[in-house]
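>>> Only the shape, not the letters, is given here:
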């Protein structure tokens with residue numbers, strides 16, 4: 001096992017969990033950080049946020065729109081170029097479209113978009129990432145991590161679309177956990193049971209990032225659940 005960390009790819013970067021997890025991993029000597037988001041205007045700010053803590057961080061930023069399934073392979077090909085010779089060691093899948101969805105009134109097309117982003121997108125990234133992670137299992141600590149929420153098991157009707165997609169996503173990553181843990185790749189979930197806000201004692205981005213690092217390092221369980229009292 002080498003002391004040199006490889007690359008972290010964050011799919012769904014942003015001012016909350018994504019950039020904070022990337023910053024935390026950068027402080028633990030990850031050689032390269034690659035940030036992906038459907039909002040390109042956010043990416044430079046996220047990179048600056050990480051460099052403020054880790055000036056030496058090697059950061060690449062790339063746009064990706066998981067709602068356009070046919071465009072995902074070309075986006076991931078750009079990630080391959082950004083990786084260069086750096087081995088992929090960890091992936092954080094944090095992509096989501098968060099907002100209200102009214103039961104029965106929510107258009108089918110919108111539900112399908114959510115599924116493409118959160119479920120199909122997660123599966124597409126896993127298809128790309130797992131072979132790379134398996135390839136470094138003897139020299140690194142490969143992991144595929146996914147942010148989730150307590151609504152996968154306790155849905156809120158007002159955001160049923162998000163809840164339904166998180167349930168499917170949880171099932172997918174759970175299957176990956178069962179299959180790949182014995183093969184040397186850890187797959188786990190960070191279940192956030194509340195709104196992410198700086199003022200919350202547990203559900204704040206800094207604490208979530210630290211819990212994500214602990215999950216990555218210890219890799220004892222399928223998931224860590226983070227909730228406020």
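Yep, it's here. Just so it is clear, the model here is predicted, and its values are computed rather than measured. Numbering: from 1, shown residues only.
>>> For the worst-scoring helix or strand of the chain on mean pLDDT, enumerate the helices and strands it packs against.
The weakest-scoring helix or strand in the chain, judged by mean pLDDT, DSSP states H and E, is helix 40-53 (a mean of 93). Judged by 3 or more Cβ pairs under 8 Å, 6 or more residues apart in numbering; DSSP states H and E, the packing partners of helix 40-53 are helix 17-26, strand 32-37, strand 58-63. Bear in mind the C-beta positions are built from the backbone N, C-alpha and C, glycine included.
>>> what would these look like in a markdown table with mean neighbour count, mean pLDDT and distance to residue 71?
Shown next, in a markdown table, are those (neighbours: other Cβ atoms under 10 Å; pLDDT from 0 to 100; distance: least, Cβ to Cβ, whole Å):
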| stretch | mean neighbour count | mean pLDDT | distance to residue 71 |
| --- | --- | --- | --- |
| helix 17-26 | 25 | 97 | 20 |
| strand 32-37 | 25 | 97 | 12 |
| strand 58-63 | 18 | 95 | 10 |
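>>> Low-confidence bits of this protein, can you list those?
Across the chain, the ranges flagged by pLDDT under 70 are 1-3.
>>> beta partners of the residue nearest the centre of the chain?
Note on the chain: the residue nearest the mean C-alpha position is residue 93, at 2.1 Å, using Cα atoms, centre = their mean. Taking DSSP bridges as the rule, residue 93 bridges to residue 11, residue 146.
>>> Wait, it touches residue 128, no?
No: using Cβ atoms under 8 Å, residue 93 makes no contact with residue 128, being 11.2 Å away.
>>> Pull out the buried positions in the helix or strand that residue 128 is a member of.
Element membership for residue 128 (DSSP states H and E) is helix 121-135. Neighbour counts over helix 121-135 (16 or more other Cβ atoms under 10 Å) mark 121, 122, 123, 124, 125, 126, 128, 129, 130, 132, 133 as buried.
>>> go on, stretch 143-161?
143-152, 155, 159-161.
>>> Could you check how far the residue nearest to the centre of the chain is from residue 157?
As judged by Cβ to Cβ, to the nearest Å, residue 93 and residue 157 stand 25 Å apart.
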